[in-house]
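**Student:** Need a 3D model of the sequence below.
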Amino acid sequence: MDVIPPLEQEIDDMEDRLRNLHIKRLKKQQCAAQAGTVFIALLSNLERVADHSTNIAFSILEDG
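**Tutor:** As a prediction, this is how the structure comes out:
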């Protein structure tokens with residue numbers, strides 16, 4: 001149970017880092033805006049999956 005919160009924070013940090021790197025690419029015009037929209041949506045959805053996984057893990061551990 002002690003491992004879940006650090007993993008959740010690591011995923012949140014990774015999303016922030018990837019989002020910031022992507023914004024830098026957009027500013028340098030190294031990426032198309034349409035692809036950027038898809039990338040940001042994908043990041044958000046993956047982070048949401050991680051949040052749901054965390055909630056499921058806590059639920060399982062509390063019931064166990």
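**Student:** residues touching the most centrally placed residue in the chain, list them.
**Tutor:** Nearest residue to the geometric centre of the chain (Cα atoms, centre = their mean): residue 47, 3.1 Å. Under the criterion of Cβ atoms under 8 Å, 6 or more residues apart in numbering, the contact partners of residue 47 comprise 11-12, 15. C-beta coordinates here come from the backbone N, C-alpha and C atoms, glycine included.
**Student:** mind giving me TSV with those and columns for distance to residue 32, neighbour count and secondary structure?
**Tutor:** Below are the contacts of residue 47 laid out as TSV (distance: Cβ to Cβ, whole Å; neighbours: other Cβ atoms under 10 Å; DSSP: H, G, I helix; E, B strand; the rest coil):
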residue	distance to residue 32	neighbour count	secondary structure
11	26	17	helix
12	27	13	helix
15	21	17	helix
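**Student:** Go through those and name the one nearest residue 54.
**Tutor:** For the contacts of residue 47, the minimum distance to residue 54 (Cβ to Cβ) is 8.5 Å, reached by residue 11.
**Student:** what's the closest one in contact with, if anything?
**Tutor:** For residue 11, the set of contacting residues under the criterion of Cβ under 8 Å, 6+ apart consists of 47, 50.
**Student:** Tell me how far residue 20 lies from residue 56.
**Tutor:** Noted for residue 20: a distance of 29 Å to residue 56, by Cβ to Cβ, to the nearest Å.
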